[in-house]
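# here is a sequence together with a model predicted from it:
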Amino acid sequence: MLAVQVIFAHAADKHFLDSVQAVLDTARFANTRLLCLYTLSFENGMTNPREAIEQGWQCMALANTQKDTAYILNAYNALGNAYETLSDFDSAVYFHEKSYQLAVKLKSKSKMIATLANVANCNKLQGNYQAALEKYLLVYRMMESASVYNYRVHYTIADLYLRLGDYQKAAEHSRFGINKIEQGNDEAATLSLYVTLSRALLYSGKTDSALVIIKNCLTKYKKYADDAGLATALNVLGEIYLTKKMYAEALLTFSEELEMQNKLQNKNGTGLAQVNRAYCMALLHQDKKKTEAALGEAEQYVLHQISNSEVLIEIYRKLSDTYALMGNTDKAYQYATRYTVLNDSVLNRDKFRQIMDLQTKFESEKVNKLLRQQKSQLQLQASDIQKRKMQIVYLSLAFVLMLLAGLYLYSRYRSKQKIKMLIALQQQEKEKEQAIREKETQERFRISKDIHDELGAGISKISMMATYSRQQRNEPGKIEDTIDAIAKTSQEVADNMHDLVWSLNPENATLDNLAARIREYAGDYLEELPVEVSFVFPGEIPAISITKEFQRNVFLTCKEAINNAVKHASAKKIKIQVTYNNQTFGVEIADDGKGIKEENKRKSGNGLRNMQHRIESIGGTFVLTSNNGVTISISVPVSGNAV
């Protein structure tokens, strides 16, 4: 069985059918043989109906032997499909009714819908619209209750609207059926509805749209190897070419259809295709003898092989038009008369009434269905309203409880948040106090270090020299030198003390005061010395508060640079330039002294490194150049050192 199922998953092309036949030839189990015989009879029903009938009877015989009702039903269905392809609708109705009776016995709604739709379609093709109407309404009701869809319902309704000349409604029902089928992804089943849609568009003048749709159908019919569907699509394509006056293309299309109808042994289709071919030859003004021969062949076939009134109506009309084109007015009049008489008899008042009844009852059935749905919906709505009332009560109670619980939880949350905030504030205060204490400790340490560095060494030196002077009481020359040294050291201590006091005063920790202090120190220090000093200062320096580190490090660096220029470089001229640009404070001190040789750089390396370290520790740059004197340039950003 597995091999059979795999084979049946493929499209019904020749290779597929050969594969099924191969399985049938070697199958030992009855179920496998039944499945193969039914598949062959069903698929060949669209391409080789005579062979399909033979295989259908073989399936019927084996199913009766096995007492398998489901396969007996399938065999009847396959036989009915084959006779439909042959346009033998009386036989097709008989076998489809048999399959419907077995579907009722099996209580299978889906099979009942499918088989009864087949019967109704054949009744319609017979011209028995009343019987078709009754069966289609029953199919419609069964589909509603079983949630099963059969495309033949809307296919037939669309076809009837075509006969009534209501092409818009025909197109609407075709599209509705297509949408229903495409929801189930059954592409093959949509093709008959697409062909009907193409006809509706053709008759309503939308030939371009009809042409696109029918060409797409032809491609898909070839894909599924559906020769019966392909022949029908070729007929529609030929009619479209005739409407567009593309007579050569129409002739080729009808010739291809004729080959297909002969292969299918479809008498109605063959006769109509022969007449259409002759009609195209007359329109193209081809060789008169060939046209007359083709027309005579078609006429003889029609007179001896075709009895279906609806097909004959179309054939008589085309024969009349063809003979008119050939100039044979007698024959043209003869077939025009036959067309009128037969058309009046087939589509007489009773037939039109049946068709209109089908439309009215179908629309009424839709209204009744809508009313039943609305009644059911109202009952459901009433039940839903009652349920919703109870739900509202329960939800209200639940909401009140949730609200109370939420308020309680929110109150607890707020209390916890307040406690957390108080703890956080207390922690912040402790951290601030700790930071202040640490800052004070650091400041005390720095002050004590400054006092030790600046004053301690000088005072110790004075003390030592005072002690040494006692030993020089009897040496007047030496004691005077010692006293001068004490005086000099005392002055240095006083200056350092002045600088220390200045730096400790917070009011002096501004940029403008720093610049003023540099100028004041240089002026005082160089006033008594044979050194010419010049100052270049900007017109205004902003009073920006700066850190003590910035104030101290910049001032000490400038102070040491001035001292070095006097003591070590023996400078005669010193230029001090202060700048402030783009939040950067700069000082340049240049002298004309001896400069610093490489060997002297190593000796004074610690002092220079200390100066560089002071400036870099506050984010600045320190540059020393020695060329006909020494130039020291420092540049410090104010933004990172402002308070």
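Sure, I can see it.

# list the buried residues of stretch 412-426.
Buried residues in stretch 412-426, counted by 16 or more other Cβ atoms under 10 Å: none are found. Heads up, the C-betas are built off the backbone N, CA and C, glycines and all.

# again with stretch 174-187
Neighbour-count burial for stretch 174-187, counted by 16+ other Cβ under 10 Å, picks out 174, 175, 177, 178, 180, 181.

# also stretch 271-291?
Those would be 271-283, 291, for stretch 271-291 by 16+ other Cβ under 10 Å.

# try stretch 131-145
In stretch 131-145, counting by 16+ other Cβ under 10 Å, buried: 131, 132, 133, 135, 136, 137, 139, 140, 142, 143.

# tell me where the stretch 1-150 of the chain has helices.
Ranges of helices within the stretch 1-150 of the chain are 2-8, 14-26, 30-44, 49-66, 69-85, 89-106, 109-126, 129-146, based on DSSP state H, counting those that start in this stretch.

# quick one, domains of the protein?
Using automatic domain parsing, the domain ranges for the chain come out as 1-123, 260-344, 525-637.

# could you dump those into a markdown table with distance to residue 418 and mean pLDDT added?
As requested, those are exported to a markdown table (distance: least, Cβ to Cβ, whole Å; pLDDT from 0 to 100):
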| stretch | distance to residue 418 | mean pLDDT |
| --- | --- | --- |
| domain 1-123 | 71 | 85 |
| domain 260-344 | 91 | 87 |
| domain 525-637 | 37 | 87 |
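
# I figured residue 508 hits residue 543, correct?
No - taking Cβ atoms under 8 Å as the definition, residue 508 is not a contact partner of residue 543, at 11.1 Å.

# more crowded one of the two?
residue 508 (17 against 9; other Cβ atoms under 10 Å).

# how far away is that one from residue 520?
11 Å (Cβ to Cβ, to the nearest Å).

# kindly report the same for residue 587.
Note on residue 587: its distance to residue 520, by Cβ to Cβ, is 14 Å.

# what's around residue 17, how many residues?
Per other Cβ under 10 Å, the neighbour tally for residue 17 reads 19.

# okay, it and residue 39: tell me how far apart.
Distance from residue 17 to residue 39, by Cβ to Cβ: 8 Å.

# any weak-confidence spans in the stretch 401-550 of the chain?
Within the stretch 401-550 of the chain, the segments meeting pLDDT under 70 span 439-458, 460-461, 463-474, 476-478, 480-482, 484-485, 487-489, 491-501, 503-504, 506.

# apply 90 and report the result again.
401-509, 511, 513-517, 520-531, 539-541, 543-549 (pLDDT under 90).

# got a list of what residue 156 touches?
Residue 156 is in contact with 120, 121, 124, 132, 136, counting by Cβ atoms under 8 Å, 6 or more residues apart in numbering.

# wait, the second one touches residue 151, no?
No - with the criterion set as Cβ under 8 Å, residue 121 and residue 151 do not qualify as a contacting pair; they are 10.5 Å apart.

# the more surrounded of these two?
Remark: of residue 121 and residue 151, residue 121 carries more neighbours, 24 against 19, as counted by other Cβ under 10 Å.

# and residue 308, its phi and psi?
Main-chain dihedrals, residue 308, degrees, to the nearest 10: phi -70, psi 120.

# same check on residue 579?
phi -130, psi 160.

# ok, the one 5 residues further on next?
As for residue 584, its main-chain torsions (degrees, to the nearest 10) stand at phi -130, psi 130.

# ok, now how distant is it from residue 633?
12 Å.

# of the two, give the one with the bigger neighbour count.
With neighbours defined as other Cβ under 10 Å, residue 584 and residue 633 compare such that residue 633 has more, 17 against 14.

# chain center to stretch 418-432: distance?
On the basis of Cα atoms, centre = their mean, to the nearest Å, stretch 418-432 sits 51 Å off its chain's mean C-alpha point.

# I meant stretch 578-591, not that one.
With Cα atoms, centre = their mean, you get 61 Å for stretch 578-591.

# ends of that stretch, how far apart?
Distance across stretch 578-591, first residue to last, is 15 Å (Cα to Cα, to the nearest Å).

# rewinding a little: out of the buried residues of stretch 131-145, which one has the lowest pLDDT?
Minimum pLDDT for the buried residues of stretch 131-145 is recorded at residue 133 (70).

# which elements pack onto whichever helix or strand residue 334 is part of?
Residue 334 is part of helix 329-346, with elements assigned from DSSP states H and E. Helix 329-346 is packed against helix 309-326, with contacts defined by 3 or more Cβ pairs under 8 Å, 6 or more residues apart in numbering; DSSP states H and E.

# and for the helix it packs on, what are the contacting residues?
Identification of contacts with helix 309-326 by Cβ under 8 Å, 6+ apart yields 87, 125, 127, 268, 271-272, 275-276, 278-279, 282-283, 288, 291-292, 295, 298-299, 302, 306, 329, 331-336, 338-339, 342-343, 345-346.

# between helix 109-126 and it, find me the angle.
Orientation of helix 309-326 against helix 109-126 (axes from the mean of the first three to the mean of the last three Cα atoms, to 10 degrees) gives an angle of 40 degrees.

# pull the CA atoms of helix 309-326 into CSV?
Output of helix 309-326 as CSV, limited to C-alpha atoms (Å, rounded to 0.1, in the frame of the first residue of the first chain):
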residue,chain,number,x,y,z
SER,A,309,-30.1,20.6,-28.5
GLU,A,310,-28.0,23.1,-26.7
VAL,A,311,-24.9,22.2,-28.7
LEU,A,312,-26.9,22.2,-32.0
ILE,A,313,-28.1,25.8,-31.3
GLU,A,314,-24.5,27.1,-31.3
ILE,A,315,-23.6,24.9,-34.3
TYR,A,316,-26.6,26.1,-36.4
ARG,A,317,-25.7,29.7,-35.7
LYS,A,318,-22.1,29.2,-36.8
LEU,A,319,-23.1,27.2,-39.9
SER,A,320,-25.5,30.0,-40.9
ASP,A,321,-22.8,32.6,-40.5
THR,A,322,-20.2,30.5,-42.4
TYR,A,323,-22.5,29.9,-45.4
ALA,A,324,-23.3,33.6,-45.5
LEU,A,325,-19.5,34.3,-45.7
MET,A,326,-19.3,31.7,-48.5
